[in-house]
Structure formats: C-alpha cells, structure tokens
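Q: Sequence first, then the predicted structure, then my questions.
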Amino acid sequence: MTSPFEDGAINDNANRRLALARYADMLENLSAPAPLDGLPFPYDACPLIKRVVWRISPLFADFLVDGELRELTNTLNEWRGALRRWHVWLAVLDEFSAEDAWSLQWEFVESLAFHCLFYPSATRDRFTFVATNALHQVRMAADAAYPDRLDADPKPGREDTPRFIPRKASEAQLEMIVSTLVGGASLVSTLRSLDEDDYRELTKNFRNLASHAIAPRFSVGITNTVVRRVVQATKFVRQPDNTYKDELVPGKQKVSYGFGGTEPLPMRAVFVANLTEFVKATACFHAYANVLNDALAELPKRDVDKTE
C-alpha cells in the first residue's frame, strides 16, 4: 500500500512522461501561428557588406557590420524558437486537468515565458546598437568629413570605462544618423513600436519588475500585496458650514501604505502579446535590412580582382 505522498509522486512522474511525449509529438506536427511557421531569418540579408569600400579597413568594417547583423539575426531566431516551443506547450497543457497543468506549467513552461518576456526590450535596444554601429560606418564611408564619433564614446581620461547611454538618447542618435538615408525615418518609427506602453501594460511591466523588484506570477498567485506610495500630503480644513474637508497641502508629501496586489498574468494572453511584439520585431528587421542595402548600394565598390 502506498502513501498519499507516494501516490502523488507517481502521478506527477506519469504526467511528466506523458507531457514530454505529447510535446515531442506536437513539436513536429502542430501548426503554429504564421509568424512562427516561416523560414528562419536569413544570415545573408545584406550581401553588399563585403563588397563596398569602407573608410576604415575592411578587415574591421566587414566583421563589425556583418557580425553584429548576424548576432541580431540570432536573437530573432532564438526568440522565434522560444515562442514556438511556448505555443506547443500551451497545447499540451490543454490536455491535462487544471491542477496537473499548473504543475507542468511550473516545471516546463514558465522559464520559456520568462525568457520571451525579456525579448521585446532587449531586441529594441539591440536593434538600436547594431543599426547605429553599421549605419555610422555607412555615413563615414559616404562622407569623408563625417566624424567618427558616437555619443557613447568614453569621456577623456576614462577610455577604459564603457558607457551605455539611455534608450531615449541612443534612439535620438540613431535618428540623426539615418536622417539622410532612404527609409531611415520608417526604420526609427518601426523600432519605437517595440516594447511600448501598450505591451508593458498587458504584461504588467513584467520585464522591469523581474529585473528590479518582484515580477507578477503566471496564472495563479498575487504579488506585492502591500504597497508603499509617496503622495501629496493632505490636511483637514474647516469649512464655512463647520464641516471639515480633506485638502491637498501644496509642496508637501507623505508616505502612504496600503493593500494593493499585482494579479497574475494569464499565460495565453501574455503569449499573444509577446507574439505581437515578435511581429513588430520582424518588421523592424526588414526595415533595417532595406535601409542598409539601399545605403550600401550607393557606396563605391571594391576592385574584386585586387581583393580576392
């Protein structure tokens, strides 16, 4: 005779084996939303990179522009793969009871969801970094007077200290760099559609809270039950009819504590929100490839006989 605990462990093991078997089967056979069923992002989206004349040595420029584009491509292909696996697991969970599905979700799915929810913010910043470096080289190659200087360059005397400027400043710099390039404004607009307020609201600011505080849970469980706020101070003021009214005190603050609570994120709704961000990132990739290809087409080309 087994104990209830042993029965539970046996049932968990059986569910785990069954879930993994169903996952393996569905991963091969289950159709996914269109953005996840296409071909991976290509690694040769900008073949002119190694054919143009750069201001700096092609030994460095080729590897800089092409290498960082490949890393960006890797990021999007990794995100796409993670979303596809998340989609399959959601279908697997539908085949189990609510209690069993929650256990399987905790073991197999939440780490995927956590990972995916970081992609929109990281991808937006990575796009900015990659596009800034590449299109800065394009501007240098097109104009001998264009300075080789970026806002994130170290300050004098602190050359060994890397600098990371805020998103708003880095995107403003990119906007300036692409201002003379065909499709530049469209690229910046598409980039800024990623990780915007609508997405952060749908995910309850998950990425920031997970990085700096306590993130919402998935499906069940409330976090941040007690909330500390700094609010404008108030005081009771006697009115002409001898009643009292709570009025704001200009220029004075007070600390207020109260019960709040962050509701859990619905797993499927969050998947849809993250998939929508992936679609935006796809559009951004194509916008960047178009800007880079058009700009490279205008640059002088190398003498192939001398470079081969």
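A: Received the coordinates, thanks.
Q: Mind checking what helix or strand follows the one helix or strand Leu20 maps to in sequence?
A: Secondary-structure element containing Leu20, defined by DSSP states H and E: helix 4-29. Using DSSP H and E, the helix or strand that directly follows helix 4-29 along the chain is helix 34-37.
Q: State the next helix or strand along the chain beyond that next one.
A: helix 58-93.
Q: which secondary structure elements does that next one contact?
A: In terms of contacts (3 or more CB pairs under 8 Å, 6 or more residues apart in numbering; DSSP states H and E), helix 58-93 is packed against helix 4-29, helix 34-37, helix 98-104, helix 110-142, helix 267-297. (C-beta placed from N, C-alpha, C; glycine too.)
Q: If you count neighbours, what's buried in the third one?
A: Under the neighbour-count criterion of 16 or more other CB atoms under 10 Å, helix 98-104 has 100-104 buried.
Q: Now stretch 132-150 - C-alpha only, PDB.
A: C-alpha atoms of stretch 132-150 as PDB (Å, rounded to 0.1, in the frame of the first residue of the first chain):
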ATOM      1  CA  THR A 132      23.900  52.700 -35.000                       C
ATOM      2  CA  ASN A 133      27.200  51.000 -35.500                       C
ATOM      3  CA  ALA A 134      26.500  49.800 -39.100                       C
ATOM      4  CA  LEU A 135      24.900  53.000 -40.400                       C
ATOM      5  CA  HIS A 136      27.600  55.100 -38.700                       C
ATOM      6  CA  GLN A 137      30.100  53.200 -40.800                       C
ATOM      7  CA  VAL A 138      28.000  53.800 -43.900                       C
ATOM      8  CA  ARG A 139      27.900  57.600 -43.200                       C
ATOM      9  CA  MET A 140      31.600  57.600 -42.700                       C
ATOM     10  CA  ALA A 141      32.200  55.700 -46.000                       C
ATOM     11  CA  ALA A 142      29.900  58.100 -47.900                       C
ATOM     12  CA  ASP A 143      31.300  61.400 -46.500                       C
ATOM     13  CA  ALA A 144      35.000  61.900 -45.700                       C
ATOM     14  CA  ALA A 145      34.000  64.900 -43.400                       C
ATOM     15  CA  TYR A 146      31.600  62.800 -41.300                       C
ATOM     16  CA  PRO A 147      33.200  62.400 -37.800                       C
ATOM     17  CA  ASP A 148      33.900  59.000 -36.400                       C
ATOM     18  CA  ARG A 149      32.300  59.900 -33.100                       C
ATOM     19  CA  LEU A 150      29.400  58.400 -31.100                       C
END
